[in-house]
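>>> Predicted model and sequence follow; I will ask about them next.
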Amino acid sequence: FQVKSENKKTIWNIEEVPEGSEFDDTWDAREKPEYEISFKQHVGTEDVFFGMTGKDPSTACCEDIVIKIKLPETKYSDITLDIQDKVLDLRTPKKKLLLHLPYPVNSKEGRARFLSEEEILEVTLRVSRKFDFINFS
């Protein structure tokens with residue numbers, strides 16, 4: 001098995017490097033914050049009462065990913081958040097989170113809000129899915 005590369009000095013292919021590896025910094029000593037991932041699904045009466053659209057409670061039918069990150073003793077102005085298609089990168093002076101997302105997301109279409117009383121950053125991201133028999137709209 002030979003892998004042909006344009007550059008003879010490369011030791012791996014681009015396909016072998018996971019997306020978001022460029023953000024990984026093993027030497028950064030900042031603490032990783034606690035976080036929780038949940039999925040959100042938009043349902044209507046045709047789903048709840050009649051089951052007409054074929055949606056089920058699985059993550060395959062969810063439209064949004066909601067990530068809640070606990071950031072105690074953090075101000076909103078100290079948060080740096082970068083969203084890529086498969087990676088969430090959060091940095092504060094005391095905490096750092098590099099999170100590989102379970103599904104590709106639309107990085108341009110998302111919302112983040114900081115709940116200062118609970119000290120939680122809530123990030124809502126729209127999942128990018130190909131159309132299939134479940135996700136047709």
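Perfect, I can see it now. Numbering: from 1, shown residues only.
>>> center of the protein, which residue is that?
With distances taken as CA atoms, centre = their mean, L101 lies nearest the centre of the chain, 3.7 Å away.
>>> my guess is that residue meets V87, correct?
Yes. Counting by CB atoms under 8 Å, L101 touches V87, with 6.6 Å between them. No exception for glycine: its C-beta is placed from N, CA and C like everyone else's.
>>> re earlier: once you drop chain neighbours, what's closest to the residue nearest to the centre of the chain?
K86 (5.3 Å; CB to CB, 6 or more residues apart in numbering).
>>> Now do the same for the one you found: its pLDDT.
If you check K86, the pLDDT there is 90.
>>> From R129, how far off is it?
When distance is defined by CB to CB, to the nearest Å, K86 is 13 Å away from R129.
>>> Report the buried residues of stretch 76-89.
79, 81, 83-84, 86-89 (16 or more other CB atoms under 10 Å).
>>> and those residues, which two are the farthest apart?
The most widely separated members of those, counting by CB to CB, are I79 and K86 (20.7 Å).
>>> ok, which stretches of this protein are strands?
Remark: strands assigned in the chain by DSSP state E are 35-40, 64-70, 80-83, 87-91, 96-100, 105-115, 120-127.
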